[in-house]
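Participant: Build me a model:
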Amino acid sequence: MDSTHLPELVDQLLSSAREASSRRSSHTLHGNSSRHLRQTVIALVAGAALSDHESPTEATLQVLRGRVVLTSADAHPGGRWEGAEGDLVTIPSTRHGLTAQEDSAILLTVATR
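Facilitator: Predicted coordinates for the structure are as follows:
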């Protein structure tokens, strides 16, 4: 059985993100090409973004630290969902993007098939 202490991993990833030119860092906790579920922690420094992209399968986003904004035509009124530590949202199946309002980390869970 594998286990991960998420606060420690978030600290490590945020440290790496601060040094990266992309201003983000990630680590896949679970899943690969032979699995139906993938879980990845993504850390972004304030202002960093994941540009608009498609989501071909079911996915959720849980904010582990900080504050993020998810944008999509299917998001809450105004095409925008704001999440803070402890919030969980189902990611819309339409094109969407994510921006960190402050140094942040999320847990992305994706059904791969």
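
Participant: excluding its backbone neighbours, what's nearest residue 13?
Facilitator: residue 43 (3.6 Å; Cβ to Cβ, 6 or more residues apart in numbering). In this view, the C-beta of every residue, glycine as well, is placed from N, C-alpha and C.

Participant: Quick check: that neighbour is in a strand.
Facilitator: Yes - under DSSP: H, G, I helix; E, B strand; the rest coil, residue 43 falls within a strand.

Participant: Report pLDDT for residue 113.
Facilitator: What the model reports for residue 113 is a pLDDT of 73.

Participant: right, I mislabeled it, should have said residue 80
Facilitator: For residue 80, the model assigns a pLDDT of 85.

Participant: tell me the contacts of it?
Facilitator: 69-71 (Cβ atoms under 8 Å, 6 or more residues apart in numbering).

Participant: give me the low-pLDDT residue ranges for the protein?
Facilitator: Low-confidence segments of the chain (pLDDT under 70): 56, 74-77.

Participant: would you list every one of the strands in it?
Facilitator: 24-30, 37-44, 49-53, 59-65, 67-72, 80-84, 88-90, 96-100, 104-111 (DSSP state E).
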